[in-house]
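Visitor: my questions concern the predicted model and sequence given below.
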Amino acid sequence: MQELPVGAGHTRPVQVHFDDLDFLGMVHNSRHALFVERAITAYWQERGWSTDPDRSRFRDTHLVVREFLVTYEEPIRGTGDVGVWFRIARLGRTSVMYEFQVRSTDGRCVHAHGHRVQVRIDPETLKPLAFSDELRETAHGLMHGPAGR
């Protein structure tokens, strides 16, 4: 069983809907990645990020997933809420690695955990592009800030 981390990170509630369930009434394995995507995207949108470069506070609008690893521990049964905890484990020149856990709402049970790597790319050449200083400053809170919401 994965231990609950302490320190930096952010937890965001995500709702489990009926269509997230498989025929056994458990969350389908593919949905865990979707929950993580929704939580991380919401975090950055609250800070001014957008996929639309004209509306985004950041120049870093074109990101692609390079790697997504999920290890499943305990099934999520039925609908309701789960908490997605995440933090930035590594911020390189052109890539970022998030560690995450999909948890029960009380934080006591880890349903799944893993990591996700994204790369910033140039939209024209599709080649890796360095992250902006502004994004790096904002990301600092996910690397060294207090745990919690």
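Guide: Sure thing, it's come through. Here the structure is a predicted model, which means the values were calculated and not measured. Numbers count the residues shown, from 1 in each chain.

Visitor: what ranges in the protein fall below the confidence cut-off?
Guide: 1-7, 145-149 (pLDDT under 70).

Visitor: again, 90 this time
Guide: 1-8, 141, 144-149 (pLDDT under 90).

Visitor: longest helix of it, counting residues only.
Guide: helix 29-46 (DSSP state H).

Visitor: how far away is the residue most central in space within the chain from Gly9?
Guide: The centre of the chain sits closest to Ile40, judged by Cα atoms, centre = their mean, with a distance of 3.7 Å. In this view, Ile40 and Gly9 are 11 Å apart by Cβ to Cβ, to the nearest Å. Where C-beta positions appear, they are placed from N, C-alpha and C, glycine not excepted.

Visitor: list residues touching both of the two?
Guide: Phe86 (Cβ atoms under 8 Å, 6 or more residues apart in numbering).

Visitor: could I get the full set of strands for the chain?
Guide: Here the chain has its strands, by DSSP state E, at 10-16, 63-72, 80-91, 95-103, 110-120.

Visitor: looking at the ones you listed, which is buried most?
Guide: strand 95-103 (a mean of 22; mean count of other Cβ atoms under 10 Å).

Visitor: kindly format the C-alpha coordinates of it as PDB.
Guide: What follows is strand 95-103, C-alpha atoms only, in PDB (Å, rounded to 0.1, in the frame of the first residue of the first chain):
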ATOM      1  CA  SER A  95       9.300  18.800 -18.800                       C
ATOM      2  CA  VAL A  96       7.500  18.500 -15.600                       C
ATOM      3  CA  MET A  97       6.800  15.300 -13.500                       C
ATOM      4  CA  TYR A  98       3.800  15.200 -11.200                       C
ATOM      5  CA  GLU A  99       3.400  12.600  -8.500                       C
ATOM      6  CA  PHE A 100      -0.300  11.900  -7.600                       C
ATOM      7  CA  GLN A 101      -2.600   9.800  -5.500                       C
ATOM      8  CA  VAL A 102      -6.300   9.200  -5.900                       C
ATOM      9  CA  ARG A 103      -7.600   9.100  -2.300                       C
END
